[in-house]
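K.L.:
For reference, the sequence and a predicted model appear below.
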Amino acid sequence: MAKRILALSLFILCLGLTTASAQAIENASRSTIGYISDSGTVENRSRSTIGYITSDGTVENSSRSTIGYIRKDGTVENRSRSTIGYIRSDGMIENASRSTIGYVNSDGSVEDSSRRTIGYAKGVKAEHAAAFFFFFFQEAR
């Protein structure tokens, strides 16, 4: 379970928009679990703000405290700037040890390392599709 939460956490740290409207994020059952707006605001299913992704790749919680970073090269860092993973240009998500922990596919599906679908982020860039699941599982604790 912890590995799956880490994978989902990393997936969320990576959500980026390809359109100007809010994009729904869905779980594996296709239920909407949140949204990401064109301005980078991350919301839960009730439309309450749970975080932000700024244009420079800074990931913030709802209080605007920095919790991580997504560098342009796909490196994902925690708030201390330690590398916690990588988002490759082909949609593969890797942990800090470079082991594959998931995938963001061109059809918007998000898969864990066993290729089980864990969610959908249609219209969201792979580089940012990781961020929403991070917020979702942080809030669920």
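P.N.:
Here it is on my side, so go on. Residues are numbered from 1 along each chain as shown.
K.L.:
Tell me which stretches of the chain form strands.
P.N.:
16-17, 23-27, 32-36, 41-44, 49-53, 58-61, 66-70, 75-78, 83-87, 92-95, 100-104, 109-112, 117-120, 124-125 (DSSP state E).
K.L.:
average pLDDT across the first one?
P.N.:
The one in question is strand 16-17. The pLDDT scores in strand 16-17 average 38.
K.L.:
What part of the chain, helix or strand, is modelled with the least confidence?
P.N.:
strand 16-17 (a mean of 38; mean pLDDT, DSSP states H and E).
K.L.:
quick one: low-confidence ranges for this protein?
P.N.:
In the predicted model of the chain, residues 1-21, 124-141 satisfy pLDDT under 70.
K.L.:
coming back round to it: can you add mean neighbour count and give the strands of the chain back as CSV?
P.N.:
All C-beta atoms are positioned from the backbone trio N, CA, C, and that covers glycine. Formatted as CSV, the strands of the chain follow (neighbours: other CB atoms under 10 Å):
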stretch, mean neighbour count
strand 16-17, 20
strand 23-27, 22
strand 32-36, 21
strand 41-44, 20
strand 49-53, 23
strand 58-61, 20
strand 66-70, 21
strand 75-78, 20
strand 83-87, 22
strand 92-95, 20
strand 100-104, 23
strand 109-112, 22
strand 117-120, 21
strand 124-125, 20
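K.L.:
For residue 58, see how far away the closest residue in space to residue 108 that isn't next to it in sequence is.
P.N.:
Nearest in space to residue 108, with sequence neighbours left out and distances taken as CB to CB, 6 or more residues apart in numbering, is residue 122 at 3.2 Å. Using CB to CB, to the nearest Å, residue 122 is found at 25 Å from residue 58.
K.L.:
before we move on, what about residue 70?
P.N.:
Distance of residue 70 to residue 58, computed by CB to CB: 8 Å.
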